[in-house]
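Participant: Only the shape, not the letters, is given here:
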Ligand SMILES: Cc1cc2nc3c(=O)[nH]c(=O)nc-3n(C[C@H](O)[C@H](O)[C@H](O)COP(=O)(O)O)c2cc1C
């Protein structure tokens with residue numbers, strides 16, 4: 001049984017990556033073979049609108065035909081038993097790399113029928129982990145939950161099931177004294193990192209374990 005995670009942050013050891021690693025630890029506690037992919041290691045574009053994945057009788061029908069650094073990762077998704085995406089919030093949405101990845105991941109499986117249907121041949125569990133600077137209150141006030149809800153619905157539609165997890169008020173800089181960021185109180189940020197982030201890590205661990213359990217039963 002395989003569970004993979006995809007990191008949409010350029011940072012490989014910070015908030016998003018840490019939570020994804022915890023999720024994979026949870027998955028491996030259930031016997032899953034795990035792999036973490038860092039999108040910023042790959043040279044790729046978003047969907048190029050070539051429509052090879054939608055062309056009748058095309059050998060690429062239902063598959064992304066673009067041959068770049070993402071092509072091998074998309075093949076891996078076809079073989080995985082569950083996966084977890086992770087992204088920092090950049091200007092109210094996922095990072096550009098994660099957005100490009102999602103276009104390439106989802107569009108080939110998504111039919112232009114009424115209602116839309118999924119060409120993904122199996123049902124597999126998925127999850128999405130978001131990290132952000134704002135507090136949970138501001139996250140709600142600024143409508144981020146709508147973004148999370150849309151992504152969850154898309155993943156559910158294509159892959160069968162999906163759950164979301166968010167970590168707010170993250171610790172952003174190595175040294176707050178070195179950056180111009182008066183808006184943040186470094187001590188409050190450090191306390192949150194000490195006291196709340198570990199709880200988010202526990203939630204990520206549980207998410208990974210759940211995804212592996214569901215993946216194992218299917
Ligand atoms: C370009 C950029 C844009 C950002 N925009 C937002 C934003 O709109 N809302 C927010 O809450 N945090 C924003 N942040 C903060 C990051 O989402 C937050 O620090 C996140 O936890 C970083 O993830 P990482 O540590 O895995 O890289 C932004 C950070 C960057 C670099």
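Facilitator: Ah, there it is. As the structure is a computational prediction, the values presented were derived from the model and not from experiment. Numbers count the residues shown, from 1 in each chain.

Participant: residues from the chain in reach of the ligand?
Facilitator: Counting by C-beta under 6 Å from any ligand atom, the residues of the chain close to the ligand are 9, 11, 14-17, 88-92, 131-134, 170, 172. For the C-beta atoms, the positions are set from N, CA and C on the backbone; glycine is no exception.

Participant: any weak-confidence spans in this protein?
Facilitator: Within the chain, the set of residues satisfying pLDDT under 70 is empty.

Participant: Any idea which residue is closest to the centre of it?
Facilitator: residue 85 (1.7 Å; C-alpha atoms, centre = their mean).

Participant: Would you check how far apart that one and residue 102 are?
Facilitator: With distances taken as C-beta to C-beta, to the nearest Å, residue 85 is found 8 Å from residue 102.

Participant: Likewise for residue 174?
Facilitator: For residue 174 relative to residue 102 (C-beta to C-beta), the value is 29 Å.

Participant: Could you check which of those two is surrounded by more residues?
Facilitator: residue 102 (21 against 9; other C-beta atoms under 10 Å).

Participant: hmm, who's touching the helix or strand harbouring the more buried one?
Facilitator: Using DSSP states H and E, residue 102 falls within helix 96-106. In this structure, residues lying in contact with helix 96-106 by C-beta atoms under 8 Å, 6 or more residues apart in numbering are 6, 8, 10, 39-40, 44-47, 64, 66, 70, 74, 77, 85, 87, 90, 93-94, 151, 154-155, 158.
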